[in-house]
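**Student:** Could you look at this predicted model? Sequence included:
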Amino acid sequence: MNIYICFLVFGLVFTLLCVFLGHLFGGHDAVGGGGHADAGFSADGVPGVTFFSPTILATFVTAFGAVGLICSGIDATKNVWISAPIAFAGSVFISLGVLSLVNLVFRRTQSSSEGNVTQLIGQTAAIVSPIPENGVGEISYVQFGSRYSAPARNEKPGALPAGQTVRITRIVGSQYYVEQAG
């Protein structure tokens with residue numbers, strides 16, 4: 001029973017120290033990874049948390065102590081040979097639940113202001129700097145309420161003056177090809 005209290009107290013103290021002292025003494029900048037010790041990336045490239053992050057390890061230790069303490073208070077599971085495996089299994093289950101919840105929050109809150117270029121085909125744009133014949137100018141377009149600019153070439157032979165409205169016909173690399181709208 002005393003060992004479970006030690007695990008519970010250690011896990012809680014570790015968690016509280018991380019919460020209250022985590023950003024003091026330059027620790028935030030010294031950690032790396034943008035100042036987040038437990039941030040990582042999953043296979044799909046989305047930021048997330050791994051099972052071995054400090055947050056999940058603190059959850060495991062705290063849950064082991066709490067579940068072990070509960071089991072040692074029940075007559076049927078009072079024996080350490082029964083309570084320890086139950087505490088271990090319970091702490092793994094709780095830690096995996098917290099891990100899933102935290103990663104779900106990371107996935108749901110990830111967004112980008114960068115638009116999808118395939119949605120731009122057929123959209124109108126304004127020429128910001130003239131497009132000379134066989135040369136590159138600059139266009140400006142709006143996507144999802146944000147204004148963007150990009151280098152552009154005329155799809156057909158000839159020059160296009162600044163201020164003219166054009167339609168985006170295709171995108172090759174970073175080059176936008178346009179034609180007169182109308």
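**Tutor:** The structure has been received and is ready for your questions.
**Student:** How about the contacts made by Gln180?
**Tutor:** Contacts for Gln180 (C-beta atoms under 8 Å, 6 or more residues apart in numbering) come out as Leu160, Gln164, Thr165, Val166, Arg167. Backbone N, C-alpha and C define where each C-beta goes, glycine included.
**Student:** which one of the residues you listed sits closest to Ser83?
**Tutor:** Closest to Ser83 out of these is Arg167 (71.3 Å), distances taken as C-beta to C-beta.
**Student:** Please identify the helix or strand for that closest one.
**Tutor:** Take DSSP states H and E as the rule and Arg167 turns out to sit in strand 165-172.
**Student:** Only the buried residues of that strand, if you could.
**Tutor:** Val166, Arg167, Ile168 (16 or more other C-beta atoms under 10 Å).
**Student:** Run through who's touching it.
**Tutor:** Applying C-beta under 8 Å, 6+ apart, the contact partners of strand 165-172 are 117, 120-127, 139, 141, 152, 155, 160, 176-182.
**Student:** can you rerun that using 6 Å?
**Tutor:** Under the criterion C-beta atoms under 6 Å, 6 or more residues apart in numbering, residues 117, 120-121, 123-126, 155, 176-181 lie in contact with strand 165-172.
**Student:** do stretch 88-106 as well
**Tutor:** Contacts to stretch 88-106, defined as C-beta under 6 Å, 6+ apart, come from residues Pro47, Gly48, Val49, Phe51, Ile56, Thr59, Phe60, Ala63, Phe64, Val67.
**Student:** among those, which one has the lowest pLDDT?
**Tutor:** Within the set of the contacts of stretch 88-106, pLDDT is lowest for Pro47 (56).
**Student:** Pull up the gap between Ser140 and Ala181, please.
**Tutor:** From Ser140 across to Ala181, the span is 14 Å (C-beta to C-beta, to the nearest Å).
**Student:** quick check, Glu138 in a strand?
**Tutor:** Yes: with DSSP: H, G, I helix; E, B strand; the rest coil as the criterion, Glu138 is part of a strand.
**Student:** any low-confidence regions in the chain?
**Tutor:** Applying pLDDT under 70 to the chain flags residues 1, 22-48, 110-116.
**Student:** can you list the domains in it?
**Tutor:** As recorded under automatic domain parsing, the domains making up the chain are 2-109, 117-180.
**Student:** who does Val172 bridge with?
**Tutor:** On the basis of DSSP bridges, Val172 is bridged to Gln175.
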